[in-house]
Each structure stands twice: as structure tokens, then as C-alpha cells.
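**Q** Okay, structure incoming, though there's no sequence with it:
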């Protein structure tokens, strides 16, 4: 929804189905859950409810990542990063960017 803007469940379903078949009711339920969790807003003025992102993409990612970090990794950023890097093939470009970010963080810490 950050890319497309306000969207109906059908809009989201159609986009998701292009890459991976999924059920309409599954998409509907997930969007209802996201609305309950205040990740998206639901406009009920029209017959087909229109959903839009509640927060900017980066803020939502930070919120979700913080929750994942605490729930799954006991608050340890290093455990999260090590698991992420070991669970999939990381491109050289991503590794360069990760090194740059670490260097920047070290510079700020001193």
C-alpha cells in the first residue's frame, strides 16, 4: 500500500496473486488484523472498504523489527543479524552496505 496507495482487499489480492497464489479470504483476514493492530486504516464509506497504510514504510518496519527483535531474539540485534545473514545467500552489494553501516555506527559510538 505504500507503493499503490489506498487499496481495496481485491486490489491487494490481485497484486499478491501475481507472485504467489493466495486466497481472497486470507488477504481479507490479514488486512482486518492489520487494521486491528493499527498498521492500516480502513475507510468504510464505500461498499468495498479501502485500506491505507497508517504509518510511513520505515516507521512500520522499525515497529515490526523491534517487536521481532524482542520476541524472537531476546532483544539481541547481533543474534537477529547473524540469523538473517546465515539463513539466505547475501549479495556482495548487501555485505558492502552492511559493513558501511557498521563503520558509521562505530564512528558515532566513539
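**A** Perfect, thanks for sending it. Please read these numbers as outputs of a predicted model, since none were measured by experiment.
**Q** Which of the helices or strands spans the residue nearest the centre of the chain?
**A** The chain has residue 61 as the residue nearest its centroid, 5.0 Å off, counting by CA atoms, centre = their mean. Here residue 61, judged by DSSP states H and E, is contained in helix 57-73.
**Q** got the buried residues for that helix?
**A** Of the residues in helix 57-73, residue 60 count as buried by neighbour count, 16 or more other CB atoms under 10 Å. In this view, the C-beta of every residue, glycine as well, is placed from N, C-alpha and C.
**Q** got it, and stretch 39-59?
**A** Buried residues in stretch 39-59 (16+ other CB under 10 Å): 39, 40, 50, 51, 53, 54.
**Q** What of stretch 33-40?
**A** Residues of stretch 33-40 classed as buried under the neighbour-count rule (16+ other CB under 10 Å) are 34, 39, 40.
**Q** List the residues that contact the first one.
**A** Think residue 34. Under the criterion of CB atoms under 8 Å, 6 or more residues apart in numbering, the contact list for residue 34 reads 40, 51.
**Q** dump the residue contacts of the nearest residue to residue 24 once chain neighbours are set aside.
**A** Spatial nearest neighbour of residue 24, excluding adjacent residues (CB to CB, 6 or more residues apart in numbering): residue 13 at 5.2 Å. By CB under 8 Å, 6+ apart, the contact list for residue 13 reads 22, 24, 27, 28.
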